[in-house]
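> sequence? don't have it. structure:
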């Protein structure tokens with residue numbers, strides 16, 4: 001795993017993407033946005049308005065409707081599949 005930068009206590013910050021922003025997926029979005037050592041990078045949902053709203057609400061820099069978009073990014077270390 002690549003060290004992204006210094007986080008709390010010098011630990012790495014890991015970029016996170018969440019696929020599926022429905023009921024349980026939003027719990028994962030919230031956790032990724034607030035967990036120590038992680039940064040929410042992107043949200044993915046087949047419904048563009050849900051993907052965008054989730055990203056905007058929790059500070060993700062990107063949102064997508066196709067999960068394959070996050071799989072090729074080098075700034076994402078963790079992908080949560082919540083579909």
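Arrived safely, thanks for sending. Every value quoted in this text rests on a predicted model; they were computed, and no experiment measured them. Numbers count the residues shown, from 1 in each chain.
> quick one, what contacts residue 55?
Residues near residue 55 by C-beta atoms under 8 Å, 6 or more residues apart in numbering: 42, 43, 61, 62, 63. Heads up, the C-betas are built off the backbone N, CA and C, glycines and all.
> so who does the second one touch?
The contact partners of residue 43, by C-beta under 8 Å, 6+ apart, come to 17, 18, 21, 29, 51, 54, 55, 58, 60, 62, 63, 64.
> format those as TSV; extra columns: secondary structure, distance to residue 38 and pLDDT.
Output for the contacts of residue 43, formatted as TSV (DSSP: H, G, I helix; E, B strand; the rest coil; distance: C-beta to C-beta, whole Å; pLDDT from 0 to 100):
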residue	secondary structure	distance to residue 38	pLDDT
17	strand	11	98
18	strand	11	98
21	coil	17	97
29	helix	11	98
51	helix	19	98
54	helix	15	98
55	helix	15	98
58	helix	11	98
60	coil	12	98
62	strand	16	97
63	strand	17	98
64	strand	18	98
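> of all these, which comes closest to residue 79?
Comparing the contacts of residue 43 against residue 79 with C-beta to C-beta places residue 17 closest, at 5.0 Å.
> contacting residues for the closest one?
Residues counted as contacts of residue 17 (C-beta under 8 Å, 6+ apart) are 40, 41, 42, 43, 44, 70, 73, 76, 78, 79, 80.
> what are the bridge partners for it, then?
Using DSSP bridges, the beta-bridge partners of residue 17 come out as residue 42, residue 79.
> of the contacts of residue 17, grab the buried ones for ChimeraX.
Buried members of the contacts of residue 17 can be picked out in ChimeraX with the line below, counting by 16 or more other C-beta atoms under 10 Å:
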select :40,41,42,43,44,70,76,79,80
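> save the contacts of residue 17 as JSON lines, and put in distance to residue 12 and pLDDT too.
Shown next, in JSON lines, are the contacts of residue 17 (distance: C-beta to C-beta, whole Å; pLDDT from 0 to 100):
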{"residue": "40", "distance to residue 12": "15", "pLDDT": "98"}
{"residue": "41", "distance to residue 12": "14", "pLDDT": "98"}
{"residue": "42", "distance to residue 12": "18", "pLDDT": "98"}
{"residue": "43", "distance to residue 12": "22", "pLDDT": "98"}
{"residue": "44", "distance to residue 12": "23", "pLDDT": "98"}
{"residue": "70", "distance to residue 12": "19", "pLDDT": "97"}
{"residue": "73", "distance to residue 12": "17", "pLDDT": "96"}
{"residue": "76", "distance to residue 12": "13", "pLDDT": "97"}
{"residue": "78", "distance to residue 12": "11", "pLDDT": "97"}
{"residue": "79", "distance to residue 12": "17", "pLDDT": "97"}
{"residue": "80", "distance to residue 12": "18", "pLDDT": "97"}
